[in-house]
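Asker: predicted model follows, preceded by the sequence.
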Amino acid sequence: MTTYKPKNILITGAAGFIASHVANRLIRNYPEYKVVVLDKLDYCSNLKNLNPSRSSPNFKFVKGDIGSADLVNYILITESIDTIMHFAAQTHVDNSFGNSFEFTKNNIYGTHVLLEACKVTGQIRRFIHVSTDEVYGETDEDAVVGNHEASQLLPTNPYSATKAGAEMLVMAYGRSYGLPVITTRGNNVYGPNQFPEKLIPKFILLAMKGQPLPIHGDGSNVRSYLYCEDVAEAFEVVLHKGEIGHVYNIGTKKERRVIDVAKDICKLFSLDPENAIKFVENRPFNDQRYFLDDQKLKNLDWSERTTWEEGLRKTMEWYTSNPTWWGDVSGALVPHPRMLMMPGVERQPDCSEEIKNTESESSPGQNKMNVPASRGAAASPKKSSFKFLIYGRTGWIGGLLGKICEKQGIPYEYGRGRLEDRSQLILDIQNVKPTHVFNAAGVTGRPNVDWCESHKPETIRTNVVGTLTLADVCREHGLLMMNYATGCIFEYDAGHPEGSGIGFKEEDKPNFTGSFYSKTKAMVEELMKEFENVCTLRVRMPISSDLSNPRNFITKISRYNKVVNIPNSMTILDELLPLSVEMAKRNCRGIWNFTNPGVVSHNEILEMYKKYIDPGFEWANFTLEEQAKVIVAARSNNEMDASKLKMEFPELLSIKDSLIKYVFEPNKKVFAE
């Protein structure tokens, strides 16, 4: 067996978990190899993962995307790359259900770009493609022999399907163009530096916080776990001893149920598993077992060295010593994380220092590539991993969003462009470089929706054209758009009678066309279903604790001479707007009824107003027919089913409880004493 000796290695995705351990190991053990690492620094990458190598003369960092053919070709040629170790990929299964096209783009298209560059330059002597054991699909529970390298590929989720598709491309380029390809398929890996959407670091961080450890299903799913340093050694062996055209499983036969992993972590933190573990809804297509035959790699003299107990202890000690390594990871610690897969989020405490240390003028003898520093990368003691671009600066919700961001320490900027002007929106995104976009802009009428009846072109321009344009620009830039919509597109009907408790669900077809405002909102909501990057939040009759705000529903009806007395679903902004920020962090998509559960009538609200605010307050009622005589457009009255939102946020209060807690109790002393 001959031993391969590379000269100039390109490692893709090297600021990620496994690849960073491999890069640091090769740079440390082989100073004669030049190692160029390429990473776009997405949500699960961190430049600090490469700190052990940053001062080494044989290390170079390049920030960029494998999907950029020009960049890849440039690196291969200018760095005389002879070896590629291709780790860059989207890997989290939960994310793949909510954003499958992003997986196709990264895992298949990105791999294709690399392969084509190798074919064009004709200088690559090894292309090591990193795949996963999940391409084999589910292993029978009673199987005693694991999947071997020639087993059939039967992926069961979008993530594993894209990895299998990438493998087919690698194999095809090996056969058609003679590229010297090698493929690896690995078990689960754990250890320091791993982003906590994965099971073990998530459980460790939750245990550190004293929070429950959520287990999908009944916890009987079986997985095999390898410690990261053992896996890094395996890639070192494959690099030097792997045979061209071959596949190598990197695995272990030591299996563990998820419930047993949780119990072992509870033991490390002296927690009672009965109290610390909670069972949650299973994820779709959660394969029961993956089991590999690892003999082929063992024949190259590799074997795992780290015991489960030792590896878990080392991992726990690292996370307890580095609790802020990833910044704000609250969105990853939920039972079903759906992180936004957005490049450019550089998770480090001092962004400017990181850029300064990794980028400089390119010249002979220097080991850095010049890459422009990110806009706004000023030093900060604790840098947020999010940045919001908000439209609707002068609006009520837009203004409140800014205050929430300030309270939570989230950087944000208000958009300057008009929604209907595509070029201005693109310029905003290029300047701000946001991780999320919030659309709180829209025409609701001045002072009410009657205005829209006589200003239809202006209403269409903003509510329809502008909203769709922003959604499309966000889609092109890989951004999630949080869109504040309205629930005033429904009216009580035979299937949803007043007082029945049967609310309109997210999938119900709008049935209210009494106002032009509602028509435009129903129209744009239907069209927005074509954009998978949008989260639509249906707000109704918004209320806040600021009773001086003329837009506040309570403020409005307390100033009317007469009010109709009809129950409606409503939105308490003090409680729900912060939830919309959390939904952005969780990468929630689709349509959501954004109201508190239940209904409350006008009279019930005014009774509370009288009790808490003004004991001498009086009012009169009139009928819907009488109301119709003094308004131009009809008003929507309905009950919205908020069970979907309640399932996502079990602590969500009913409308009446929320009114008391967030509106009337805080104002009681101010107004009543």
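Answerer: Done, it's in.

Asker: if I look at the closest residue to residue 100 other than its chain neighbours, how far off is residue 478?
Answerer: Leaving aside its sequence neighbours, residue 100 sits nearest to residue 158 (CB to CB, 6 or more residues apart in numbering; 3.9 Å). Quick note: C-beta positions are derived from backbone N, CA and C, even for glycine. Distance of residue 158 to residue 478, given as CB to CB, to the nearest Å: 16 Å.

Asker: quick one: pLDDT of the residue nearest to residue 100?
Answerer: Model confidence at residue 158, given as pLDDT, is 84.

Asker: check the burial of it by counting its neighbours.
Answerer: Around residue 158 sit 23 other residues, with neighbours defined as other CB atoms under 10 Å.

Asker: likewise for residue 556?
Answerer: Neighbours around residue 556, by other CB under 10 Å: 16.

Asker: do the one 5 residues further on as well
Answerer: For residue 561, the neighbour count with other CB under 10 Å is 8.

Asker: now do the contacts for it.
Answerer: By CB atoms under 8 Å, 6 or more residues apart in numbering, the residues touching residue 561 are residue 620.

Asker: distance of the residue nearest to residue 100 from residue 152?
Answerer: When distance is defined by CB to CB, residue 158 is 19 Å away from residue 152.

Asker: check residue 486 too.
Answerer: To residue 152, residue 486 is 51 Å away according to CB to CB.

Asker: between the two, which one's more packed in?
Answerer: A count of neighbours by other CB under 10 Å puts residue 486 above the other of residue 486 and residue 152, at 26 against 8.

Asker: so that one makes contact with residue 537?
Answerer: No - counting by CB atoms under 8 Å, residue 486 stays clear of residue 537, with 9.5 Å between them.

Asker: circling back: shouldn't the residue nearest to residue 100 be in contact with residue 102?
Answerer: No - counting by CB under 8 Å, residue 102 is not a contact partner of residue 158; they are 9.6 Å apart.

Asker: any regions of the protein where pLDDT drops low?
Answerer: 1-2, 91-99, 139-145, 283-288, 290-291, 336-384, 444-449, 628-633, 669-673 (pLDDT under 70).

Asker: can you list the buried residues in the longest helix along it?
Answerer: The longest helix of the chain (DSSP state H) is helix 158-177. Within helix 158-177, the residues that count as buried by 16 or more other CB atoms under 10 Å are 158-167, 169-171, 173-174.

Asker: now for those residues, which pair is the farthest apart?
Answerer: The most widely separated members of the buried residues of helix 158-177, counting by CB to CB, are 158 and 174 (24.8 Å).

Asker: where exactly do the strands run in the stretch 251-400 of the chain?
Answerer: Listed from the start of the chain, the stretch 251-400 of the chain has strands (DSSP state E, counting those that start in this stretch) covering 255-257, 277-280, 388-391.

Asker: what are the contacting residues of the last one?
Answerer: With contacts defined as CB under 8 Å, 6+ apart, strand 388-391 is touched by 398, 401-402, 405, 410-415, 419, 428-429, 432, 434-441, 470, 584.

Asker: list phi and psi for residue 566.
Answerer: phi -140, psi 140 (degrees, to the nearest 10).
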